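Visitor: I'd like to go over a predicted model; first the sequence, then the structure.
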Amino acid sequence: MFLEFLREREVTDFRDVGKREVDAWQTQLYYHKDAQGHSYTPATQSSKLITLRSFFKTLLRAGLILSNPAASIQLPRQSQRLPRNL
């Protein structure tokens, strides 16, 4: 998904990805609707963002990028479930 997002914005090199692109993708995840009109849950959004952060962390460790543009992502808040009575 993120690669498609970058192609739409004509970004062809990961070294050109900045915080602006990561923030824009996070916004797109928030407003995304599938064929049935359902949005991604906060847990799904978090999972995708954590994966992206790890990907850029790997690129950074390999020396392929100079900084991790996804390092400061704020993950969506997930609702707290009430405890079940036993």
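Guide: The structure has been received and is ready for your questions. Numbering: from 1, shown residues only.
Visitor: Over to Phe56: give its phi and psi.
Guide: Torsion angles at Phe56 (phi, psi; degrees, to the nearest 10) stand at phi -70, psi -30.
Visitor: was I right about it contacting Ser72?
Guide: No: with contacts counted by Cβ atoms under 8 Å, Phe56 stays clear of Ser72, the gap being 11.2 Å. Placement of C-beta: from N, CA and C, glycine included.
Visitor: higher neighbour count, the two?
Guide: Taking other Cβ atoms under 10 Å, Phe56 and Ser72 do not tie; Phe56 has more neighbours (20 against 10).
Visitor: Could you pull up the contacting residues of that one?
Guide: 14, 17, 65, 68-71 (Cβ atoms under 8 Å, 6 or more residues apart in numbering).
Visitor: Residue nearest the middle of the protein, spatially speaking?
Guide: Centroid-nearest residue in the chain, with Cα atoms, centre = their mean: Leu49, separated by 2.9 Å.
Visitor: Next up, the contacts around that residue.
Guide: Contacts of Leu49 by Cβ under 8 Å, 6+ apart are 26, 29, 70, 73, 75.
Visitor: just the buried members of these?
Guide: By neighbour count, with 16 or more other Cβ atoms under 10 Å, those hold 26, 29, 70, 73 as buried.
Visitor: what is in contact with Phe56 and Ser72 at once?
Guide: Shared contacts of Phe56 and Ser72 (Cβ under 8 Å, 6+ apart): none.
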